[in-house]
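Undergrad: let's see this in three dimensions:
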Amino acid sequence: MGRWAPDARGRLEYAALELYAEVGFERTTVKEIAQRAGLTERTFFRHFADKREVLFPGNQQLQEVLEQAVTRSPAALTPAEAVTAALLELSTLMEDRRELARQRQTVIAAHPELQERELAKLASWSQTLTGALMQRGTAPSEARLTAEAGLAVFKTAFERWTATTDPRHTLGQFISDTFDDLRRLFTHP
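TA: Below you'll find the predicted structure:
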């Protein structure tokens with residue numbers, strides 16, 4: 001495949017995840033990722049700062065989706081409903097990437113420094129959701145609590161989603177089910 005072939009970023013991502021699975025994250029080099037994708041190292045660095053970045057693609061875009069979904073949600077929605085709607089919108093972007101998400105989670109789970117990076121990503125999502133809720137008029141402490149609860153639901157739903165191979169179980173459905181579970185936990189003794 002030539003360097004000018006389309007979807008260089010996607011090819012690099014797939015190549016990296018394959019190599020991480022085959023030889024391990026630590027032993028995989030940027031050069032090997034680029035070669036596997038049929039690209040140059042220079043092309044790799046146009047898309048990713050380093051080999052860790054392959055595991056965290058599009059974080060800025062995902063934050064923007066969350067922020068816009070909350071800020072444009074109808075005023076009649078509660079903060080929790082606005083966050084639920086935002087997470088459901090986010091899930092539609094992730095749905096066709098289940099296998100990549102599963103591979104990504106396997107690599108992250110095996111490396112504490114990547115787990116730390118994942119937590120930092122989720123913290124930035126929390127700040128984004130908190131800020132968006134505050135723009136809607138939610139009090140700061142309530143906005144923060146709602147954002148954190150929403151992300152706890154997302155993390156649990158995401159783990160459930162990546163653990164199953166049944167395509168009938170979507171990430172959106174897991175998010176809805178997990179929110180229902182949370183409501184039950186706090187409303188029934």
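Undergrad: if I look at Trp125, how far off is Thr156?
TA: Trp125 sits 15 Å away from Thr156 when distances are taken as CB to CB, to the nearest Å. For glycine as for every other residue, the C-beta is placed from the backbone atoms N, C-alpha and C.
Undergrad: those two - which one has more neighbours?
TA: Set Trp125 next to Thr156 and count neighbours by other CB atoms under 10 Å: Trp125 wins out with 22 against 17.
Undergrad: which positions within the helix or strand harbouring that one qualify as buried?
TA: Using DSSP states H and E, Trp125 maps to helix 112-135. The neighbour-count check on helix 112-135 (16 or more other CB atoms under 10 Å) flags 114, 117-118, 125-126, 128-134 as buried.
Undergrad: look up how far Arg9 lies from Trp161.
TA: Using CB to CB, Trp161 is found at 23 Å from Arg9.
Undergrad: which one's more surrounded, these two?
TA: The residue with more neighbours, out of Trp161 and Arg9, is Trp161; 23 against 18, by other CB under 10 Å.
Undergrad: which residues touch the more buried one?
TA: Neighbouring residues of Trp161 by CB atoms under 8 Å, 6 or more residues apart in numbering: 98, 101, 169-171, 174.
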